[in-house]
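Colleague: let me see the structure of the following:
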Amino acid sequence: MFNPGRLPAYAGLLAAALTALPAVSAHAAETVYPLTINSCGQDITFKQAPARTVSVGQSTTEVLYLLGVADRVVGTALWIGPVLKGYEEANDKVERLADNDPSFEAVVGKRPDLVTTQFQWQIGPEGVVGTPAQFAELGIPVYTSPADCVGKDNSGGGDGVRETGFTMELIYQEIRDLAKIFNVQDRGEEVVADLKKREEAARAKIASANGKISAVFWFSSAELDIDPYVAGRHGAPGYIMSALGLTNIIESDEEWPTVGWETIAKANPSVIVAGKMDRRRFPADDVAVKHKFLATDPVASIMPAVKQGHVFDMDAQAMNPTIRTIEGIETLAEAISAAGLAK
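Modeller: Numbering: from 1, shown residues only. Below is the predicted model:
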């Protein structure tokens, strides 16, 4: 989970670059089955590579596409924006069970031999779709993205609290785990290597800005007249800011705490990063609504970042711990550079 602001042209390069990756070497390491993988504290075992996968969560679905196993995905759910460029045709062939929360029955109705989930609030101990134990009773293993459980406490519900900061290593672990499950390890290493190279290039682009810029990431707001959901310090936006040498004005360990605009204005961030998405769960999901609010609200409109036009749009997928987080680093680095803030 666009316009008015447009993503710069390079934002679509992620898929194009990864689509162009070389084919898996003939000497790829082979997975030895049965294979046991530990996923968020639970051991899951595969007698062979999965043939029918249901993926709940856009990022994990896109990882599967990048690994070249789209033909083994029979159902998806929980989308907040368009699929990676270059994968539209593959995605069109996969049934979308729900834009948001699929039912347990819809998932098992696809007869999967693997279910992947991006978030434990979807499939987890208190999952709204179901629990891993419920799927295990039917002989269906559940793989959960490490980014949603390693160093994170989801027991309180909501978006959870991160006890340690997210890093891209958790996404690389997910890529490598899934590559091993599907016996495409070389492809997984190619994807990881390309993402690392892109991050290094983005870091170098505004290296001179280190320590000079502060920011706040605005994902959405349940209602425009209440406090917005902004990024805590340990999630994906925290990693983006750390990678680029920016300071997060929000010090909460919550993934997406609500913070008042008066508090944000007092902190006076250099830039505001606005989430853009296709999802329309809340009015402020629409980035155009965000821009209108910032221009007209009595408090937000007088913030220097707003007056100076330092409000930058970012795909909301990049604001979650996903493969798009690298795209987020690129997007923000380019915007800061174009605005002359890195000088």
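Colleague: tally of neighbours for the closest residue to Thr144 other than its chain neighbours?
Modeller: Closest residue to Thr144 apart from its sequence neighbours, by C-beta to C-beta, 6 or more residues apart in numbering: Cys40 at 4.4 Å. C-beta here means a position set from N, CA and C on the backbone, and glycine is covered the same way. Other residues near Cys40 come to 20 when the count uses other C-beta atoms under 10 Å.
Colleague: hmm, Cys40 is touching Phe119, no?
Modeller: No. The criterion here is C-beta atoms under 8 Å, and Cys40 misses it with Phe119 at 11.1 Å.
Colleague: list residues touching both of those two?
Modeller: Residues touching both Cys40 and Phe119 (C-beta atoms under 8 Å, 6 or more residues apart in numbering) are Asp148.
Colleague: tell me which element Tyr143 falls in.
Modeller: strand 142-144 (DSSP states H and E).
Colleague: so which bits of that strand are buried?
Modeller: Neighbour-count burial for strand 142-144, counted by 16 or more other C-beta atoms under 10 Å, picks out 142-144.
Colleague: partners of it, with directions?
Modeller: strand 114-117 (parallel) (DSSP bridges).
Colleague: and the strand it pairs with, how far out from the chain middle?
Modeller: 16 Å (C-alpha atoms, centre = their mean, to the nearest Å).
Colleague: next one: stretch 239-246
Modeller: 16 Å.
Colleague: then the top helix by length along the chain to CSV, C-alphas only?
Modeller: Using DSSP state H, we find that the single longest helix of the chain is helix 185-205. Once non-C-alpha atoms are left out, helix 185-205 reads as follows in CSV (Å, rounded to 0.1, in the frame of the first residue of the first chain):
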residue,chain,number,x,y,z
GLN,A,185,20.0,-19.7,-5.5
ASP,A,186,22.1,-18.1,-8.2
ARG,A,187,19.2,-15.9,-9.3
GLY,A,188,18.8,-14.9,-5.6
GLU,A,189,22.4,-13.8,-5.4
GLU,A,190,22.1,-11.8,-8.6
VAL,A,191,19.1,-10.0,-7.2
VAL,A,192,20.9,-9.2,-3.9
ALA,A,193,24.0,-8.0,-5.6
ASP,A,194,22.1,-5.7,-7.9
LEU,A,195,20.2,-4.1,-5.0
LYS,A,196,23.4,-3.6,-3.0
LYS,A,197,25.0,-1.9,-6.0
ARG,A,198,22.1,0.5,-6.4
GLU,A,199,22.1,1.4,-2.7
GLU,A,200,25.9,2.3,-2.9
ALA,A,201,25.3,4.5,-5.9
ALA,A,202,22.4,6.4,-4.2
ARG,A,203,24.5,6.9,-1.0
ALA,A,204,27.3,8.4,-3.0
LYS,A,205,24.9,10.8,-4.8
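Colleague: buried sites along it?
Modeller: 185-192, 194-195, 198-199, 202, 205.
Colleague: going by distance to Asn320, which of those wins?
Modeller: The closest of the buried residues of helix 185-205 to Asn320 turns out to be Leu195 (C-beta to C-beta; 15.4 Å).
Colleague: and for the closest residue to that closest one other than its chain neighbours, the neighbour number?
Modeller: Distances taken as C-beta to C-beta, 6+ apart put Ile326 closest to Leu195, at 5.0 Å, once the chain neighbours are dropped. For Ile326, the count of nearby residues is 23 (other C-beta under 10 Å).
Colleague: possible to save the buried residues of helix 185-205 as TSV with distance to Met168?
Modeller: As requested, these are arranged in TSV below (distance: C-beta to C-beta, whole Å):
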residue	distance to Met168
Gln185	19
Asp186	20
Arg187	18
Gly188	14
Glu189	15
Glu190	16
Val191	12
Val192	9
Asp194	12
Leu195	7
Arg198	11
Glu199	7
Ala202	12
Lys205	17
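Colleague: quick check, nearest of these to Val259?
Modeller: Using C-beta to C-beta, Ala202 comes nearest to Val259 of these, at 26.8 Å.
Colleague: right, and the closest one touches Ser337 too?
Modeller: No. The pair Ala202 / Ser337 is not scored as a contact, 9.9 Å apart, by C-beta under 8 Å.
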